[in-house]
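K.L.:
A structural model of the following input is requested.
(2 chains)
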Amino acid sequence: MEQQPILTVRGLSKSFPGVRALDGVDFDLRAGEVHVLVGENGAGKSTLAKCILGMYQPEEGEIELRGEKLCFSSPKDGIKHGIVAVYQELTMVPYLNAAQNIFLNREPLIRGTGLINHRKMQRDAKAILASLSCADIDTKIPVKLLDVAQQQMIEIAKALSFNPKIIVLDEPTASLSEREIEPFFKQVLKLREQGIGIIYVSHRMQEYHRIGDRITVLRDGKFIRTLDVGELTDEELVNLMVGRDIAQVYVRTKNEHSGEALRTEDLRDHKGRVKGCSITLDRGEIVGIAGLVGAGRTEMARLIFGIDKPAGGKVYLHGKDVTGRSPSFIVKNGLGLLPEDRKRYGLALKSSIAWNTVAVSLKSVFPSGIVSERKNRKIAEDYVKLLKTSTPDVVRPVSQLSGGNQQKVVIAKWLSAKSDVIIFDEPTRGIDVGAKMEIYALMDRLAAEGKAILMISSELQEVIGMSDRIYIMKDGLITGEVTRNQCSQEEIGRAMVLGKEVEA
Amino acid sequence: MMKKIGTYLLQSKYAISVSVLVFVVIGSSLITSSFLTADNLITVLRQTSVLFILSSGLTAVVLTGGIDLSINNSAALVGCIVAQLLLLGVSIPVVILAGILVGVVIGIFNGLLVGILKLPPFVATYGTNMVVLGISTIVMQGKVIYDLPRNFTPIGVGYVGILPIPVIIAIVLTGVLYFVLQKTTLGRNIYMLGSNAYAAKYSAAKSVRDTITAYVICGITAAIGGIVLTARLNAADANMGNSYGLQIVAAVVMGGTSLLGGEGGIFGTVIGALVLTIILNVINVIGVSSYLQSMAVGIVIILMVWLDVFTRSKREKLSRA
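P.N.:
This next block holds a predicted model:
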């Protein structure tokens, strides 16, 4: 099916403060193909997609649609040219119904009036959904009452209502369950048959084989290679993505464990997201918690940290019962938490690096209650040196740092609070490969210094590469435990999805 | 060169507010020659000081991302109680302490509503404002009290050297609040809470305590403002806070303290209060009719806040580039 591409991208570059997100990327898309964009977090997949959609304006390079040069200033221009997107996070108004969401902001009007023609809107919405074999979705109730898979189909219906030539699917299966994925793929393949070009961004290897035609690999914002599906083995593909042998990315020096740092017994929350988790973590140990999004891992971390109060069970920190105590008490006893969404939960973005560095340790650094700006700067500078944070000074707002350096500021915050048990929740999400390796090396060093690390991660390679032991969590329960080198990625992956016991 | 100045103005925290102040001062002295006389300037400062005292503690609340709409009537309540106590012959230091205590109680009340019950501060403190107005009416039994003791009124009208006492109080409060907000861990926590309440929570900050403290600071300055106002008017009645109303909030916001929290500071409020008072003063001096007065003030408030929002977004673009 060699044919003229409908979309050609040449030499595209786009920078953000501290990071070159795209660096001379080439890409092309044919009508009626599913072109998978792969690469690690921070490789530039989403940035490329957003440039094509018109959400970002690239600094260099050009985008051509059927030979016509495009210069978008907003997503509206993209839609006008038939380029639409379905995002990873659902972008619907939860209280409106399916029809209202599909035609949001361009509702059909009753002729000659400014009133919405609800009947036509319902009819049109039903017709589009029927074309997606989803006629059974109730278009009259608020979408928040529908399940996630149905909401995802409504997103696609909305995209289709623009009569697109190109659809960008950004991690569309992230929030779908195993059972819901297959019907979803059928719809994607149907779109492909209609001659729509599909740009598919995904992390899941098995999906490439299922629905992909070609794959383009990006790494650190650079174009690496475009190849046909099946041209390389999975392992070779991963090496292309990562750019080196995985063995070199994950540094794990052998460590001696000594004594229990953290233990939970049958921990449960009030919402039924955590249903009885018992884990232990020793000093000097890195323990991974693997599981799918929604398995209850972050909720468990919140229980341990004291943000949510447990409904039952116990948390022991260095042998001391801290169940249900306040975060400030628990932090005083040595626990730290790097939250999964560091911009939202980890940092005061507009405040300086210096301010953020001492955010937790204010009281111990300035016991008199009086702050010395100079001492504060000195502390922050010490951590910048120690963690190799790249920044010209410590007085600029953390919003100006790249993701990896922001994460280092969060780490500095806990180190300055003298935390010796640290929970890393998705520590490398949205961080480029170089910075990732630095974070890994740092975790390894902290463990070697006797700190205990609990790492929550959805990236299997990372969990396997870094952990001494791994707990597998599914639907709020710990369903398995394996020690380092005992288990292959595929086995753990299966256990994460299916919840079967892993044979240790 | 112009570009350099422009860049500097964008980057410096108070540059815009200061430029507006300079502009307003120059403009005022051009409009009326009597503006730049020593007498008038002292009057302006004295008028500014009451507005500033009332707004000063609000700066702390706004920095946490909150708001306090109960200040004007809280000040009135304090004034009424102070006046009643003075009539009963209670000694002045005790009366002042009692007034401040009333401010503390109102602050704790607001702090509990916002910090513990998690009510939206706008509505919660608006409710408080009505409640304290009601209490004032009960305290006063619908009457107005005139002729307070002679040794009390200097708090509002007296001088030390050439400086009116309210101006001195305002200067002292500026220093105290600058210290609290910029030099203490409490101040840091207040900024942290306002710039990212989630991050504060995930940093094990005691957000409830910090919220209540900010409202208590606000209650105390409202009480001080109420005492000064009462002394200056040499009278008290339940509605004496009416004319201040939202001017108090306007002074803080015009000074560049973001209503979203986490950005700004006490010097901004000094400038905001000055600009607002100067404009009122000039309009009075040149004898503009009262409807035009409120219109003019409204326009100035909108312009200044727009300028602040505009430079903020420019500044963000600048720092991104």
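
K.L.:
can we go C-alpha only for contacts and neighbour counts from here?
P.N.:
Noted.

K.L.:
my guess is A:Thr357 contacts A:Gln406, does it?
P.N.:
No: under the criterion of Cα atoms under 8 Å, A:Thr357 is not in contact with A:Gln406, lying 10.6 Å apart.

K.L.:
quick one, which of the two is more surrounded?
P.N.:
Comparing A:Thr357 with A:Gln406 by neighbour count (other Cα atoms under 10 Å in any protein chain shown), the higher total belongs to A:Thr357, at 29 against 23.

K.L.:
Apart from its neighbours in sequence, what residue is nearest the more buried one?
P.N.:
Among residues not flanking A:Thr357 along the chain, A:Lys413 sits closest, at 4.4 Å (Cα to Cα, 6 or more residues apart in numbering or on different chains).

K.L.:
wait, doesn't the one you found sit right on A:Ser361?
P.N.:
Yes: the pair A:Lys413 and A:Ser361 qualifies as a contact (Cα under 8 Å) at a distance of 7.5 Å.

K.L.:
helix or strand for A:Val25, which one?
P.N.:
Under the criterion of DSSP states H and E, A:Val25 resides in strand A:19-30.

K.L.:
Extract the CA atoms of that strand and return them as PDB.
P.N.:
Provided in PDB are the C-alpha atoms of strand A:19-30 (Å, rounded to 0.1, in the frame of the first residue of the first chain):
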ATOM      1  CA  VAL A  19      14.200  21.400  27.000                       C
ATOM      2  CA  ARG A  20      14.300  21.000  23.300                       C
ATOM      3  CA  ALA A  21      11.100  19.000  23.000                       C
ATOM      4  CA  LEU A  22      11.300  18.500  19.200                       C
ATOM      5  CA  ASP A  23      14.600  18.700  17.300                       C
ATOM      6  CA  GLY A  24      14.200  18.500  13.500                       C
ATOM      7  CA  VAL A  25      11.600  15.700  13.400                       C
ATOM      8  CA  ASP A  26      10.400  14.200  10.100                       C
ATOM      9  CA  PHE A  27       7.200  12.300   9.900                       C
ATOM     10  CA  ASP A  28       4.600  11.300   7.300                       C
ATOM     11  CA  LEU A  29       1.100   9.800   7.400                       C
ATOM     12  CA  ARG A  30      -0.800   8.000   4.600                       C
END
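
K.L.:
rewinding a little: please identify which of A:Lys413 and A:Ser361 sits among more neighbours.
P.N.:
For the pair A:Lys413 and A:Ser361, the greater number of neighbours falls to A:Lys413 (29 against 24), based on other Cα under 10 Å.

K.L.:
what's the one helix or strand that one maps to in contact with?
P.N.:
Assigning secondary structure by DSSP H and E places A:Lys413 in helix A:403-416. Helix A:403-416 is touched from outside by A:336-338, A:342, A:346-347, A:353, A:356-361, A:380, A:383-384, A:387, A:389-390, A:398-399, A:422, A:427-428, A:430-432, A:435-436, A:439, with contacts defined as Cα atoms under 8 Å, 6 or more residues apart in numbering or on different chains.

K.L.:
same thing with stretch B:231-249?
P.N.:
Taking Cα under 8 Å, 6+ apart as the criterion, the residues outside stretch B:231-249 that touch it are B:51-52, B:54-55, B:58, B:69, B:71-77, B:79-80, B:83, B:133, B:136-137, B:140, B:142-148, B:152-157, B:230.

K.L.:
what's the span of that stretch, first residue to last?
P.N.:
When the termini of stretch B:231-249 are compared using Cα to Cα, to the nearest Å, they are 23 Å apart.

K.L.:
What ranges does the stretch 151-300 of chain A have for its helices?
P.N.:
Along the stretch 151-300 of chain A, counting by DSSP state H, counting those that start in this stretch, helices occupy A:178-193, A:205-211, A:234-242, A:246-249, A:297-305.

K.L.:
And those helices: which comes nearest chain B?
P.N.:
helix A:297-305 (8.6 Å; Cα to the nearest Cα).

K.L.:
and the most centrally placed residue in chain A, how far is that from A:Ser458?
P.N.:
The central residue of chain A, meaning the one whose C-alpha is nearest the mean C-alpha position (Cα atoms, centre = their mean), is A:Arg429 at 5.4 Å. Taking Cα to Cα as the criterion, A:Arg429 is separated from A:Ser458 by 9 Å.

K.L.:
Mind listing what's buried along the host helix or strand of B:Ala223?
P.N.:
Assessed by DSSP H and E, B:Ala223 sits inside helix B:207-233. Using 16 or more other Cα atoms under 10 Å in any protein chain shown as the test for burial, helix B:207-233 gives B:207-208, B:210-232.

K.L.:
Give me the distance between it and the centre of its chain.
P.N.:
Centroid displacement of helix B:207-233 relative to its chain, using Cα atoms, centre = their mean, to the nearest Å, is 9 Å.

K.L.:
and what of stretch B:127-137?
P.N.:
Chain-centre distance of stretch B:127-137: 19 Å, with Cα atoms, centre = their mean.

K.L.:
Equivalent analysis for stretch A:160-171, please.
P.N.:
Distance of stretch A:160-171 from its chain centroid, counting by Cα atoms, centre = their mean, is 22 Å.

K.L.:
Give me the contacts around stretch A:269-281.
P.N.:
Counting contacts by Cα under 8 Å, 6+ apart, the residues touching stretch A:269-281 from outside are A:260-268, A:287, A:295-297, A:299-300, A:303, A:308-313, A:452-454, A:471, A:475-478.

K.L.:
go with 7 Å
P.N.:
Taking Cα atoms under 7 Å, 6 or more residues apart in numbering or on different chains as the criterion, the residues outside stretch A:269-281 that touch it are A:260-268, A:287, A:296, A:299-300, A:310-312, A:452, A:475-478.

K.L.:
From those, which land in strands?
P.N.:
A:260-268, A:287, A:312, A:452, A:477-478 (DSSP state E).

K.L.:
which of those tops the neighbour count?
P.N.:
Of the ones in strands among the contacts of stretch A:269-281, A:Ala452 is surrounded by the most neighbours, 28 neighbours in total, counting by other Cα under 10 Å.

K.L.:
correct me, but that residue touches A:Ile422?
P.N.:
Yes: A:Ala452 is in contact with A:Ile422 according to Cα atoms under 7 Å; the separation is 6.4 Å.

K.L.:
so A:Glu40 sits right up against A:Met241, yeah?
P.N.:
Yes: A:Glu40 sits in contact with A:Met241 when judged by Cα under 7 Å, with a separation of 6.4 Å.

K.L.:
and chain A, which of its residues are near chain B?
P.N.:
A:17, A:327-328, A:331, A:344-348, A:350, A:359-360, A:362, A:369-371, A:400 (Cα under 7 Å from any Cα of the partner chain).

K.L.:
before we move on, the earlier item: after the helix holding B:Ala223, which helix or strand is next?
P.N.:
Next element after helix B:207-233 (DSSP H and E): strand B:235-236.
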